[in-house]
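Engineer: I would like the atomic coordinates for the input below:
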Amino acid sequence: MIYCKLSFKVSSLLEEIDLADQQDTLSKDLSGGQKRKLCVGLALIGDPKVQICCYVVRAWVRIIMHQLKVNSIVAA
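Structural biologist: Okay, here's the model as predicted:
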């Protein structure tokens, strides 16, 4: 039961960050941009109340957070 919920959540998040077509690809084989998306997805999978990001990815993460309806962001 828990596995089904987690599997659905992962699949949904992969769709949101546009990596669904890469779900069976090893991270070492992803492009640089895809690895950044994966890192953001990993950070968001646990429904954090606050996400801390460096300046470089802040604008991109803000877009993803808006799509996922996450409320808070703190830039480092």
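
Engineer: do you know how far residue 17 is from residue 8?
Structural biologist: Look at residue 17 and residue 8: by CB to CB, to the nearest Å, they are 15 Å apart. To be clear about C-beta, it is placed using only N, CA and C from the backbone, and glycine gets the same treatment.

Engineer: can you give me the helices for this protein?
Structural biologist: For the chain, the helices defined by DSSP state H occupy 2-16, 32-44, 55-68.

Engineer: now the angle from the second one to helix 2-16?
Structural biologist: Read it as helix 32-44. Orientation check (axes from the mean of the first three to the mean of the last three CA atoms, to 10 degrees): helix 32-44 against helix 2-16 gives 140 degrees.

Engineer: please begin residue numbering at 794 from this point
Structural biologist: Will do, 794 is the new start, and the previous item becomes helix 825-837.

Engineer: give me the helices and strands touching helix 825-837, please.
Structural biologist: In this structure, helix 825-837 makes packing contacts with helix 795-809, helix 848-861, judged by 3 or more CB pairs under 8 Å, 6 or more residues apart in numbering; DSSP states H and E.
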